[in-house]
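A.B. asks: need a structure here:
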Amino acid sequence: MKSFCQILLICILNVTSVAKAEVAPFCWSLDSGLVGVSSTTLKLYATDMGGQYSVLGTASFNLITFPPVTRVRLVSGTAATVNDKIEISLNASGTEDSERGILWTGTYHLILDATTLSGEFLSRASEDASFNPAISGEASLTICQ
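C.D. replies: Below you'll find the predicted structure:
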């Protein structure tokens, strides 16, 4: 019979090996065509939840100013295959102005072709819709950096 210490050591090694297992991210370039804003890089890690996926990651873009300002949004949500499309629905949050402590919250929604993994996206801020209208454009699968 194995001692408690041996069992504990085996459990720790198993957890450590699982924690070290790397999952490759999926990345998209979200191009809205907005002047003064770079394309958004969406980087997602997916976990299979039995046909649906839990997704976590970041959405980052640059404001084209001098000097450039980088915005990073934390995103989390779900993805599922619906007919021949993949739908990804994400909640997002991040700092809009770190000096003044202004936070941003909103959503991203992507509809992608299941074979090319490219398609379209819609991004909407949670704040006043008349001041922050929805942004839409093309979502193109890209290589993660």
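A.B. asks: in this protein, which spans are helices?
C.D. replies: Secondary structure of the chain by DSSP state H: the helices cover 4-20.
A.B. asks: In it, what residue spans correspond to strands?
C.D. replies: All strands of the chain, identified by DSSP state E, fall at 26-31, 40-48, 52-63, 69-82, 85-97, 102-113, 119-125, 135-142.
A.B. asks: what helices or strands is the last one leaning on?
C.D. replies: Strand 135-142 makes packing contacts with strand 26-31, strand 102-113, strand 119-125 when contacts are defined by 3 or more C-beta pairs under 8 Å, 6 or more residues apart in numbering; DSSP states H and E. Just so you know, the C-beta spots here come from the backbone N, C-alpha and C atoms, and that holds for glycine as well.
A.B. asks: What of the first one?
C.D. replies: Using 3+ C-beta pairs under 8 Å, 6+ apart as the contact definition, the elements that strand 26-31 packs against are strand 40-48, strand 119-125, strand 135-142.
A.B. asks: With the fifth one instead?
C.D. replies: Under the contact criterion of 3+ C-beta pairs under 8 Å, 6+ apart, strand 85-97 touches strand 52-63, strand 69-82, strand 102-113, strand 119-125.
A.B. asks: among those strands, which is nearest residue 42?
C.D. replies: strand 52-63 (5.0 Å; C-beta to C-beta).
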